[in-house]
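Novice: model the following, please.
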Amino acid sequence: MQYFINTYISTPLFDVLIFIYNNIAFRDLGLAIIILTVLVRIILLPFFYKGAKDQTLMQHLQPKIKEIQDRHRSDKTKQAEALMSLYREHKINPLSSILLLIIQIPIFVALFDLFSTKIKTYAFVSPTLFTLVDLTSKSVVLVLLAAVLQYFQTKLMMGRQTTGGGAAVRMQKAMLGIGPVITILILINLPSAIGLYWLIFTAFSFFQQIFINKAIAKATLTPPASAA
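Specialist: Take a look at the predicted model:
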C-alpha cells in the first residue's frame, strides 16, 4: 500500500507542486501548496460534494429517522426497510461518508509524505508562505486557524440540529469540540505545510457547505410543480 501511495499519488503530486512553484506561484511554496490543494479539491469535488450533501441531508432527516426507529423498534427488518425507503426517496447513500473517508486516507498519507519528507529534497528559494511562515517547521497560528475553521465548518454542516436536548443533540454538540481538538493534536507537531493544506482544504469545505445548505433550503422551500 505504501508503495502504491508513494508511486501513484505522492510522487505525481510532488511533481505537480514543483511545476506550480516554478511556473505559477512565483516561487512561493505556500502559494504553490494553496494552488495544489484547490486543484486536488476540484478534481475530487464530485466525491466530496456528494458525501457532504448526504451528511447534511441526514442531519435534516434526523427527526424522521428517529420516528422510524421508534415505530419499528421491535422489528429491525421493517426498520431497515423503512430507513432505506427514506434514503431512496431523498437520494441519499448512507455509506457515502465511509466512501469519503476511504478516499481521503491515502490522499492524506501521500500529502503527509510530500509535505514532511519530499519538500526537503528540493532546493526551494525560500520554503515559506509569503516569507511569513516557514513551512518546514511548526506553526501554532496555522494550526489554530485550521481548528477554528474546522469548528465552524462542522457547525455549518449540523445546522440547527445542535439546538434542543436529547442524547443525539448532546453528541452532536460534543463533536463540535472534538473535531477542532483532534485537528490540533494531529497538526501541532507537524510541519506547517501540512497545516496550510488542512486550512485551505477546510476553507474549501466551508464554502462548499454554505452552497449545499442554500441548495437544500431552496429545494425544501420550493413547492413541487403541479401535475400537468
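Novice: and Ile34, what is it in contact with?
Specialist: The neighbours of Ile34, taking Cβ atoms under 8 Å, 6 or more residues apart in numbering as the test, are 196, 200. In this view, the C-beta of every residue, glycine as well, is placed from N, C-alpha and C.
Novice: and whichever helix or strand Met157 is part of, what does it pack against?
Specialist: Using DSSP states H and E, Met157 sits in helix 140-158. Here helix 140-158 touches helix 45-60, helix 167-187, helix 192-221, going by 3 or more Cβ pairs under 8 Å, 6 or more residues apart in numbering; DSSP states H and E.
Novice: turn those helices into JSON lines, including mean pLDDT.
Specialist: Formatted as JSON lines, the helices and strands packed on helix 140-158 follow (pLDDT from 0 to 100):
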{"stretch": "helix 45-60", "mean pLDDT": "79"}
{"stretch": "helix 167-187", "mean pLDDT": "77"}
{"stretch": "helix 192-221", "mean pLDDT": "83"}
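Novice: wait, which of the ones you listed is closest to Ile119?
Specialist: With Cβ to Cβ, the closest approach to Ile119 among those belongs to helix 192-221: 6.3 Å.
Novice: contacts for the host helix or strand of Leu99?
Specialist: Using DSSP H and E, Leu99 maps to helix 96-116. Residues from elsewhere that reach helix 96-116, judged by Cβ under 8 Å, 6+ apart: 1, 4-6, 9-10, 13-14, 17, 33, 40, 44, 47-48, 50-52, 54-55, 93, 135, 190-191, 193-194, 197.
Novice: and stretch 130-142, which residues are buried?
Specialist: Residues 133-136, 138-139, 142 are the ones in stretch 130-142 that count as buried (16 or more other Cβ atoms under 10 Å).
Novice: could you give the angle of the helix holding Met157 to helix 45-60?
Specialist: Put simply, helix 140-158 runs at 60 degrees to helix 45-60, going by axes from the mean of the first three to the mean of the last three Cα atoms, to 10 degrees.
Novice: who's in contact with helix 140-158?
Specialist: For helix 140-158, the surrounding residues in contact (Cβ under 8 Å, 6+ apart) are 52, 55-56, 59, 133, 162, 172, 175-177, 179-181, 183-184, 187-188, 192, 195-196, 198-199, 202-203, 205-206, 209-210, 213.
Novice: tell me which residues in it are buried?
Specialist: So helix 140-158, judged by 16+ other Cβ under 10 Å, has buried residues 142-147, 149-151, 153-158.
Novice: quick check: the nearest residue to Ile184 once chain neighbours are set aside vs Leu29, distance?
Specialist: Nearest non-adjacent residue to Ile184, counting by Cβ to Cβ, 6 or more residues apart in numbering: Ala147, 5.0 Å away. Going from Ala147 to Leu29 by Cβ to Cβ, to the nearest Å gives 23 Å.
Novice: and for Trp198?
Specialist: Distance of Trp198 to Leu29, given as Cβ to Cβ: 16 Å.
Novice: what residues are up against Ile5?
Specialist: Counting by Cβ under 8 Å, 6+ apart, Ile5 touches 106, 109-110, 113.
Novice: could these be laid out in CSV, adding neighbour count?
Specialist: Output for the contacts of Ile5, formatted as CSV (neighbours: other Cβ atoms under 10 Å):
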residue, neighbour count
Pro106, 16
Val109, 16
Ala110, 24
Asp113, 19
